[in-house]
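Student: Quick one: sequence and predicted model below, then my questions.
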Amino acid sequence: MLAEFGYGVLVVTFIVTLYSGFAAIYGAQNNSASIVESARRAQLITFPLITIAAGTLIYLLVNNHFEVAFVYEVTSRSMPTYLKVTAWWGGQAGSLVFWSWLLAVFTSAVTLRKWERDAEFLPWVILVSSITLAFFVGMVVFYENPFARYWVINGDVQPSMFPPAGTTLFTPQDGQGLNPLLRHPGMVIHPPMLYLGFVSFVIPYAFAMAALITGRTDDRWIRITRRWSLWAWLFLSLGLVLGGRWAYDVLGWGGYWGWDPVEIAAFMPWLTGTAFLHSVMIQEKRGLLKHWNMILVILTYALVIFGTFLTRSGVLSSVHAFANSPIGPFFMGFVSLTFIASLALVIKRWPELRSETEMKSMLSREALFLLNNLLFISILVVCFWGVIYPLISELATGSKVTVGPPYYERATAPLFAGLLFLMAVAPLSAWGHSTVQTLGRAIWKSAVAALIVTGIAFATFTKNVVALVGFFLIALVLFATLHEFWRGAVARQKAQNENIFTALYRLMARNRRRYGGYIIHISMALMAIGILGIEVFQAETQGQLATGEKLDISGYTVEYKEVAQWDNVPEQVNYTRATVDVYRDGIFIGQLHPRKDMYFSGQPMSIPGQYSTLRDDLYVLLVDWEPISNAGATFKIYVNPLVNWMWIGSLTFLIGLAFASWPDRDPADEPVRRRVTRDTKQTSAAD
Amino acid sequence: MQRTKFILGGLLILAAVVYLIVSSTQASQEYFMTVDELKAEGASVVGKSVRLSGAVIGDSIQYDAENLSLTFDIVHVTGDNNEIEAQGGLAEVLHQAVTDTSRKRITVHYVGPQPDLLRNEAQAIITGKLGEDGVFQAEELLLKCPTRYEEAVPEQASTN
């Protein structure tokens, strides 16, 4: 009964989204405010509707309704309640409902805003969000139904929504349960974060389309959606970092990023989104790059839809697996259709999106921002090429050829290095015009300091060229950015006669986007330290140890003590836990307990023992052991230098983003001013 | 004048990116092969980077924990997804492959800890090189148990 009810609500939602889309077009074309209002209300109803459907699904999940195929696939009796709730996004059908629900939340929030000044956008924003929502709800209604139940049809058990007459319901005793690898706090919040990021990018896209359709192509759409884009970017970044942390803690291979197609699928919209966040500033300040911003937001939307599909379809290492999923062609069809339609709109409005000024100097802030954009897009192209290369090579030569992590590392490393360099230099350049001299004057102190740091690194611990270049660039970003804080604070201190801390605080509070951005740049440099550490300096060793035997690695000594083994019946798992003593440079620093969990279902899971400091992480994996005697156990040990800076950088990143997007004055309330077309030299502090 | 500079700069960047992509692709490309294809190529692929896919035969897994030396056999599975679909999905295809003794098999050798997902009827995607002795020397193992996202029908079905 409940399953039919949930499905019925979804069908109603689908019809409502279609209505709201058609009403929006009809209302806009006939200039009828009341029909547009009706479309807006229809849009608002989708939120409670999907909430009811989702609530029904959660009820079925929590109460062990295993006759429902989706519940059977993702939950089992032994799972705690909170995991049963989060199993909602543990499988494809459920996560499509989850996606739709988030989109309904966001579109409702958008339709509730004050529209007086932007009434002409309203129908088109409703149209774009309705089409997107209709697509996802339609996918659930027609292809990936989470409410289908098991029926005995001709002696076979099959999931079906509308079984033939005379068949009986089949209820399994217990479900398969969520894969234990996914029962981790990081994995519980990682998909929602990623999805939040994906879904929030739909809003800037919707406004961009509204701007193109209505021809109101000034900066209004960018100002309205500035905060949406920032939040979208925040969630997407968080999702990526959490995924990395989960891999590091649970997957037991000593790393956090493997250039897997699924990871790349989530990374690609991040790249275009980051480029977009930067280039909208150029449009706001200088009236340049308008075509480019439209194309970026369209690309981001397309990659978000594409990423949603890839991250949930279970594609592991072959793009060919696409066709496997029955919904694959529909996703590709939808992405292509919206992409082509959006591009057609951009071309139609091409003359109106002309730049208001010209770019004059190769070293001006806007030119460096453009370069930054090109680097992000180049990384995107590298990633996209890597993902589709097997398809291309098969078409061209007949043999399947793939590229692995070395391809991505080799091709993206110089591009990332270029981004770091720009991160140091671009904030020091002036709008309109900069020269080598003005830039050199602004950066030479930071460059000298960075050279000293690199020299110390060379003298004390590494002769590796890649590492030295990396350290130089990271130090340059850190010094140049901190110097900017210092310069601004000192200038204000003198001008306003405040003490330096008040001056710094007020300076930052009055330029939130600018200084929040700088904090984010510092975070990126910190994360780069961690990435460089693990890419260049990771050390590993492995060996079988009898009790009391030791393994040495990078100044650490690991001594094997004992292994214990026991069952945890309610959790359906057998634990094997080793105890090792850890010494650093001969001094005892503590014990670690690497674990091997063997689920009764046959799924093993390796939990590393980690000793984590700012200098490095000692990461000990229990590989194997002698079951009866305590004679010996095999360990694999990694030392991951500097990897903690990755997580520290993610935390400061959050602080920077919170600071930048803190609600003081909604950018949407700012009037769209005429830009002053300035060609005179200015200091970079005059933002 | 400025315009030419910008266009030149843009072309330079484009050339650099194209160079990066082309050279990195050549340096790290791997042939994607099934067991049948690898056997058919024979000696010509010895020493080349290959990404080999197949189904793991559970009984053949041997692990020497002391030397972290892992050997197992994989059996041919088609690489064509339409064919996989036609034969009832990946889980079914893997199951048939492992039970069919007439299919071609190859022994894989790997040094390192035994991966958690290495078990009977898992889909293995193995990066490495074919040795002179016909044993495939693996550098990286990727394993996938297809039951999770597939439409697995409850096992109790058969008893009903």
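Tutor: Yes, it's here. Numbering: from 1, shown residues only, chains lettered A, B, ... in the order given.

Student: can you list the weak-confidence ranges in chain B?
Tutor: B:1, B:80-82, B:85, B:145-160 (pLDDT under 70).

Student: Using the three-state scheme, assign the spatially most central residue of it.
Tutor: The residue lying closest to the centre of chain B (C-alpha atoms, centre = their mean) is B:I125, at 2.1 Å. Of the three states, B:I125 takes strand under DSSP: H, G, I helix; E, B strand; the rest coil.

Student: Give me the nearest residue to it, chain neighbours excluded.
Tutor: The shortest distance from B:I125 to any non-neighbouring residue, by C-beta to C-beta, 6 or more residues apart in numbering or on different chains, is to B:L142 (4.2 Å). All C-beta spots, glycine's among them, are computed from the backbone N, C-alpha and C.

Student: isn't there a helix covering the one you found?
Tutor: No: read with three-state DSSP, B:L142 is strand and lies in no helix.

Student: which secondary structure elements does the longest helix along chain B contact?
Tutor: Looking across chain B with DSSP state H, the single longest helix is helix B:2-28. Helices and strands touching helix B:2-28, by 3 or more C-beta pairs under 8 Å, 6 or more residues apart in numbering or on different chains; DSSP states H and E, are helix A:365-397, strand A:400-403, helix A:405-425.

Student: just to revisit the earlier point, partner residues bridging the residue nearest to the centre of chain B?
Tutor: B:S53, B:L142 (DSSP bridges).

Student: doesn't B:L52 make contact with it?
Tutor: Yes: B:I125 is within contact range of B:L52, at 7.4 Å (criterion: C-beta atoms under 8 Å).

Student: what sits against A:T300?
Tutor: By C-beta atoms under 8 Å, 6 or more residues apart in numbering or on different chains, the contact set of A:T300 is A:F201, A:P204, A:Y205, A:P269, A:T272, A:G273, A:F276.

Student: Tell me the backbone dihedrals of the nearest residue to it once chain neighbours are set aside, please.
Tutor: Using C-beta to C-beta, 6+ apart and skipping the chain neighbours, the partner closest in space to A:T300 is A:T272 (4.4 Å). Main-chain torsions, A:T272, degrees, to the nearest 10: phi -70, psi -40.

Student: In the stretch 451-600 of chain A, which residue sits nearest chain B?
Tutor: A:Q544 (4.6 Å; C-beta to the nearest C-beta).

Student: Tell me the pLDDT of that residue.
Tutor: Per-residue confidence (pLDDT) for A:Q544: 80.

Student: Next up, phi/psi of it, please.
Tutor: The phi/psi pair for A:Q544 (degrees, to the nearest 10) is phi -100, psi 130.

Student: Please, where are all the strands along chain A?
Tutor: A:149-153, A:156-160, A:168-169, A:400-403, A:539-546, A:550-553, A:556-568, A:573-584, A:587-592, A:595-599, A:604-607, A:609-612, A:616-625, A:632-641 (DSSP state E).

Student: Strand partners (parallel or antiparallel) of the fifth one?
Tutor: Each strand pairing with strand A:539-546, determined using DSSP bridges, is listed with its direction: strand A:632-641 (antiparallel).

Student: Same check on the third one?
Tutor: Applying DSSP bridges to the sheet, strand A:168-169 is found paired with strand A:149-153 (antiparallel).

Student: got the angle for the strand it pairs with vs strand A:156-160?
Tutor: 140 degrees (axes from the mean of the first three to the mean of the last three C-alpha atoms, to 10 degrees).

Student: Give me the distance between strand A:149-153 and the centre of its chain.
Tutor: Per C-alpha atoms, centre = their mean, to the nearest Å, the displacement of strand A:149-153 from the mean C-alpha position of its chain is 39 Å.

Student: Report the mean per-residue pLDDT for that strand.
Tutor: Computed over strand A:149-153, the mean pLDDT rounds to 86.

Student: Alpha carbons only: can I get that strand in PDB?
Tutor: Taking Å, rounded to 0.1, in the frame of the first residue of the first chain, the C-alpha atoms of strand A:149-153 are listed here in PDB:
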ATOM      1  CA  ARG A 149       8.300  -4.700  -5.100                       C
ATOM      2  CA  TYR A 150       9.200  -8.300  -5.600                       C
ATOM      3  CA  TRP A 151       6.500 -10.600  -7.100                       C
ATOM      4  CA  VAL A 152       6.500 -14.200  -7.900                       C
ATOM      5  CA  ILE A 153       5.800 -14.100 -11.700                       C
END
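
Student: in that strand, what counts as buried?
Tutor: Taking 16 or more other C-beta atoms under 10 Å in any protein chain shown as the basis for neighbour counts, the residues of strand A:149-153 that come out buried are A:R149, A:Y150, A:W151, A:I153.

Student: And for stretch A:84-93?
Tutor: Those would be A:K84, A:T86, A:A87, A:W88, A:W89, A:G90, A:G91, A:Q92, A:A93, for stretch A:84-93 by 16+ other C-beta under 10 Å.

Student: before we move on, the earlier item: looking at the helices and strands packed on helix B:2-28, which one has the lowest mean pLDDT?
Tutor: Minimum mean pLDDT among the helices and strands packed on helix B:2-28: strand A:400-403, a mean of 79.

Student: Dump that strand to CSV, restricted to CA.
Tutor: The C-alpha trace of strand A:400-403 is given here as CSV (Å, rounded to 0.1, in the frame of the first residue of the first chain):
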residue,chain,number,x,y,z
LYS,A,400,40.9,-0.4,-26.8
VAL,A,401,43.5,1.8,-25.1
THR,A,402,43.1,3.5,-21.8
VAL,A,403,45.2,5.9,-19.8
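
Student: Give me the contact status of it with chain B.
Tutor: Yes: judged by C-beta under 8 Å from any C-beta of the partner chain, strand A:400-403 comes into contact with chain B at A:K400, A:V401, A:T402, A:V403.

Student: So what would you say the end-to-end distance of stretch B:129-136 is?
Tutor: One end of stretch B:129-136 sits 6 Å from the other (C-alpha to C-alpha, to the nearest Å).

Student: does that stretch come close to chain A?
Tutor: No: counting by C-beta under 8 Å from any C-beta, chain A is not contacted by stretch B:129-136; separation bottoms out at 13.4 Å.

Student: Okay, buried residues for that stretch please.
Tutor: Quick answer for stretch B:129-136 (16+ other C-beta under 10 Å): B:K129, B:L130, B:F136.

Student: what's the closest of those residues to chain A?
Tutor: Of the buried residues of stretch B:129-136, the one sitting nearest to chain A (C-beta to the nearest C-beta) turns out to be B:K129, at 13.4 Å.
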